[in-house]
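# I would like the atomic coordinates for the input below:
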Amino acid sequence: MAAPPRFDIDLTTIQQDPYPIYRELQARAPIAYAPALDGIVMTRHTDISACERKVKVFSSHQPGGLMNRLMGRNLMRKEGTISGFEHIDINIMILL
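Below you'll find the model as predicted:
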């Protein structure tokens, strides 16, 4: 797999109005590495859907990630059998 192109994002600019940057990403680099985020940015639904199924390559395990720092460990950042069992438990609780 080839490395995605680098795309420099100014965090202040994207927080103020992300849409011009999204449009530029979609036109120039729908999948890109953003050093400011230290991560891969994807702008097309088909790419996101395909990649989210490849958990060995695109893992949601991010112990130092922003979501974990703000909310603690949660189901959105778990994958595999642990997540599956917890989802079953939650579904059972909802039915009760």
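
# got a list of what residue 29 touches?
4-5, 7 (CB atoms under 8 Å, 6 or more residues apart in numbering). In short, each C-beta sits where N, CA and C put it, glycine included.

# residue 33 pairs with what?
residue 6, residue 40 (DSSP bridges).

# any idea how far residue 54 is from it?
The gap separating residue 33 from residue 54 is 17 Å, by CB to CB, to the nearest Å.

# neighbour count winner among those two?
residue 33 (16 against 10; other CB atoms under 10 Å).

# about what we covered before: most surrounded residue in the contacts of residue 29?
Within the contacts of residue 29, most neighbours by other CB under 10 Å means residue 7, with 19 neighbours.

# what's the closest non-adjacent residue to that one?
In this structure, residue 7 finds its nearest non-sequential neighbour in residue 32, 3.6 Å apart by CB to CB, 6 or more residues apart in numbering.

# hmm, the one you found is touching residue 41, no?
Yes - Residue 32 is in contact with residue 41 according to CB atoms under 8 Å; the separation is 5.3 Å.

# overlap in contacts of the two?
Joint contacts of residue 32 and residue 41 (CB under 8 Å, 6+ apart) are 7, 25.

# so who does residue 38 touch?
No contacts exist for residue 38 under CB under 8 Å, 6+ apart.

# from residue 6, how far out is it?
12 Å.
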